[in-house]
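**Q** The following comprises the amino acid sequence and a computationally predicted model.
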Amino acid sequence: MLQLHTIRENKESIITALQKRNIDAEPMLSKIIELDEKRRSIQTELDATLAESNKLSKEIGMLFKSGKAQEANALKEKTAGLKEASKQLGDDLNAAATALQEQLYQIPNVPHESVPAGNTDEDNEEIFREGDIPVLEEDALPHWELAKKYNIIDFELGVKVTGAGFPVYKGKGARLQRALIAYFLDKNTEAGYMEIQPPLMVNEASGYGTGQLPDKEGQMYHATADDLYLIPTAEVPITNLHRDDILAEADFPIKYTGYTPCFRREAGSYGAHVRGLNRLHQFDKVEIVRMEHPNNSYAALDEMVEHVKNILRDLKLPYRILRLCGGDLGFTSALTYDFEVFSTAQDRWLEISSVSNFETFQANRLKLRFKDENGKSQLAHTLNGSALALPRVLAGILENCQTKDGIKIPDVLVPYCGFDTIA
């Protein structure tokens with residue numbers, strides 16, 4: 001959420017910046033300023049009414065002490081009217097503050113200056129590419145057919161038990177999945193990230209804190225009886241560990257990693273681009289989350305990008321990095337780099353990680369602050385990234401590492417899964 005004083009002081013520059021997202025923000029920002037002025041006006045009137053009421057209360061006490069009961073009782077009638085007025089003003093103030101907050105929730109983050117303009121993912125900017133794309137045999141198979149051939153993932157059983165988008169991993173498929181999780185966590189902890197095992201459900205405040213609510217309410221599974229949400233990513237519970245915290249500068253950097261299943265209600269669609277592991281309702285992901293001093297957050301973002309690069313180098317998967325354009329940028333992000341692995345059998349790039357800097361956008365919602373060297377409270381910066389999302393990494397391994405003798409497991413995973421080939 002953008003800070004209110006930032007909107008008031010930089011309205012025109014924010015309007016210009018949000019044009020990169022193809023948004024005309026002028027009406028929304030004008031409405032926010034109008035609501036804020038209304039709220040301030042009501043607050044001023046309420047403060048004056050309460051002050052007058054307090055003043056009269058003191059006068060009444062003095063009059064009673066002086067034996068002037070008749071005058072005191074006359075003033076009591078006046079204070080009764082002031083109390084009624086202050087109650088109404090308090091209700092009006094709460095309504096104005098709620099309307100203002102709801103309007104603030106509708107404004108996305110301001111893109112970083114390096115974000116390219118654009119409308120769709122076709123306008124994203126490729127900034128890096130690495131790894132050799134393997135040349136496969138003519139009869140090479142996509143991962144959903146390999147999964148069936150080697151009996152390692154059963155999509156039909158998932159449909160039987162739950163529904164589409166909930167695969168069942170079996171035998172070496174389950175072991176490879178577990179190996180990837182352990183390997184990612186080990187790489188992250190070696191890089192200084194503290195491992196966290198968070199809850200898989202969060203309350204509404206947590207959803208609002210990281211920006212999933214109200215923006216992505218329709219994509220989250222909601223346990224309505226308990227008013228809890230299944231997490232779409234470990235980012236949500238882990239970042240909320242510091243909701244309402246006031247940190248010291250010495251606490252930075254705060255670095256967490258966590259493995260969780262993730263749950264997302266995706267819009268129904270069909271075709272090869274959503275087959276198999278390409279798009280799921282439940283999937284495993286290892287996340288990295290950071291809380292940083294504002295002066296260091298973009299250096300931290302670069303460090304996170306290099307960290308994900310090193311993991312993909314270890315796996316020997318061909319990948320590229322995209323800087324997302326304004327039209328494809330997530331609601332809460334100021335700058336996002338997407339990592340995509342090349343799926344040779346599908347002849348397409350598959351997104352496997354997003355690494356983002358949210359600057360103060362989430363921290364403002366979370367009330368995540370720190371005391372600077374002058375003892376003044378400032379908003380921290382938050383960042384997160386997938387390191388990594390498993391389904392498409394697994395799809396890339398199955399497709400790119402297939403041979404006529406089976407699927408060759410990347411060397412770094414062999415100690416984790418206990419086999420070097422799926423055959």
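**A** Alright, I've got the coordinates.

**Q** Can you point out the buried residues in the longest helix seen in the chain?
**A** Ordering each helix of the chain by length in residues (DSSP state H) puts helix 26-65 first. Buried positions in helix 26-65, judged by neighbour count with 16 or more other Cβ atoms under 10 Å: 28-29, 32-33, 35-36, 38-39, 42-43, 46, 49-50, 53, 56, 60, 63. The way it works is simple: take the backbone N, C-alpha and C, and place the C-beta from them, glycine included.

**Q** packing partners for it?
**A** helix 4-9, helix 11-18, helix 69-104 (3 or more Cβ pairs under 8 Å, 6 or more residues apart in numbering; DSSP states H and E).

**Q** Just the angle for that helix relative to helix 69-104, thanks.
**A** If you take axes from the mean of the first three to the mean of the last three Cα atoms, to 10 degrees, helix 26-65 sits at 160 degrees to helix 69-104.

**Q** how many degrees apart are helix 26-65 and helix 11-18 in direction?
**A** Using the same axes, to 10 degrees: helix 26-65 against helix 11-18 is 140 degrees.

**Q** Please state the offset of helix 26-65 from the chain centre?
**A** On the basis of Cα atoms, centre = their mean, to the nearest Å, helix 26-65 sits 37 Å off its chain's mean C-alpha point.

**Q** Surely residue 188 is in contact with residue 257?
**A** Yes. Look at residue 188 against residue 257 with Cβ atoms under 8 Å: they come within range, at 3.8 Å.

**Q** Overlap in contacts, these two.
**A** Residues touching both residue 188 and residue 257 by Cβ atoms under 8 Å, 6 or more residues apart in numbering: 195, 286, 288, 387.

**Q** quick one: strands adjacent to the helix or strand where the second one lies?
**A** Of the helices and strands defined by DSSP states H and E, residue 286 is found in strand 282-292. Its sheet considered, strand 282-292 pairs with strand 254-263 (antiparallel), strand 381-389 (antiparallel) by DSSP bridges.

**Q** what's the average pLDDT for the host helix or strand of residue 303?
**A** Here residue 303 is covered by helix 297-315, with elements defined by DSSP H and E. Across helix 297-315, pLDDT averages out at 98.

**Q** angle of it against strand 254-263?
**A** 60 degrees.

**Q** so how far is whichever helix or strand comes after helix 297-315 off the chain centroid?
**A** Per DSSP H and E, the first helix or strand lying C-terminal to helix 297-315 is strand 319-323. Put simply, strand 319-323 sits 20 Å off its chain's centre (Cα atoms, centre = their mean).

**Q** Can you pull out the low-pLDDT segments for the stretch 251-400 of the chain?
**A** 267-273 (pLDDT under 70).

**Q** my bad, should have said the stretch 101-250 of the chain
**A** Looking at the stretch 101-250 of the chain by pLDDT under 70, you get an empty list.
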